[in-house]
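Peer 1: give the three-dimensional model of this entry:
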Amino acid sequence: MRRNASVRKGVMPDPKYNNKLVAKFINIIMYRGKKSIAERIVYNSFNIIGDKSKKPPLEVFQKAVDNVRPLLEVKARRMGGATYQVPIEVKSDRSMTLALRWLKTFAKNRKGKSMEDRLASELLDAYKGEGPAVKKKEDTHKMAEANKAFSHFRW
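Peer 2: Reported below is the predicted structural model:
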């Protein structure tokens, strides 16, 4: 290596819950730099979660993210003209980012009311271990399991 490794800049904890994961989620929800709107969406959905589940919203959010985090994924690798789907372990920061991104995407694709309601119902489904975000994780794991034979192509 010729140069120093790049230093990853951390994210500041969010103002309401003082939690870095919530701040990261707000940044992922954010659209066109409108952070105040993203904060409002996340905090209102947390309020809805608190009303519906009678549990602390932060606890529900944490468990939902843990239920969606993938441990394995497949990466395309070309070997002699053929492309193999090689299963690899996912680093913790990437798995966290994938989980948050999947939660946002599937909440956005839900039919229904406001983004707050859709996000709250997606997080509650993920908390219970169901819903499309959890299914995406299971599909990713199944794909990695099915291609376990190509794991020796890992690099």
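
Peer 1: going forward, measure contacts between C-alpha atoms and count neighbours the same way
Peer 2: Noted.

Peer 1: all strands of the chain, in order?
Peer 2: Ranges of strands in the chain, per DSSP state E, are 72-79, 82-89.

Peer 1: may I see those arranged in JSON lines, with mean neighbour count and distance to K104 as well?
Peer 2: Converted to JSON lines, the strands of the chain look like this (neighbours: other C-alpha atoms under 10 Å; distance: least, C-alpha to C-alpha, whole Å):
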{"stretch": "strand 72-79", "mean neighbour count": "15", "distance to K104": "19"}
{"stretch": "strand 82-89", "mean neighbour count": "17", "distance to K104": "23"}
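
Peer 1: let me have these in CSV, extended by mean pLDDT.
Peer 2: Formatted as CSV, the strands of the chain follow (pLDDT from 0 to 100):
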stretch, mean pLDDT
strand 72-79, 86
strand 82-89, 86
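
Peer 1: just so I know, which of those lies nearest I49?
Peer 2: strand 72-79 (29.2 Å; C-alpha to C-alpha).

Peer 1: pull up the gap between the residue nearest the centre of the chain and A76, please.
Peer 2: Centroid check for the chain by C-alpha atoms, centre = their mean gives A99 as the closest residue, at 1.5 Å. According to C-alpha to C-alpha, to the nearest Å, A99 stands 20 Å off from A76.

Peer 1: likewise D93?
Peer 2: The gap separating D93 from A76 is 21 Å, by C-alpha to C-alpha.

Peer 1: same check on A126?
Peer 2: 28 Å.

Peer 1: and if you look at A23?
Peer 2: Note on A23: its distance to A76, by C-alpha to C-alpha, is 32 Å.

Peer 1: and if you look at K91?
Peer 2: 17 Å.

Peer 1: tell me who's in contact with Y84.
Peer 2: Residues in contact with Y84, defined by C-alpha atoms under 8 Å, 6 or more residues apart in numbering, are 76-78, 150.

Peer 1: ranges for the helices of this protein?
Peer 2: 20-29, 35-53, 57-68, 92-109, 115-128, 132-146 (DSSP state H).
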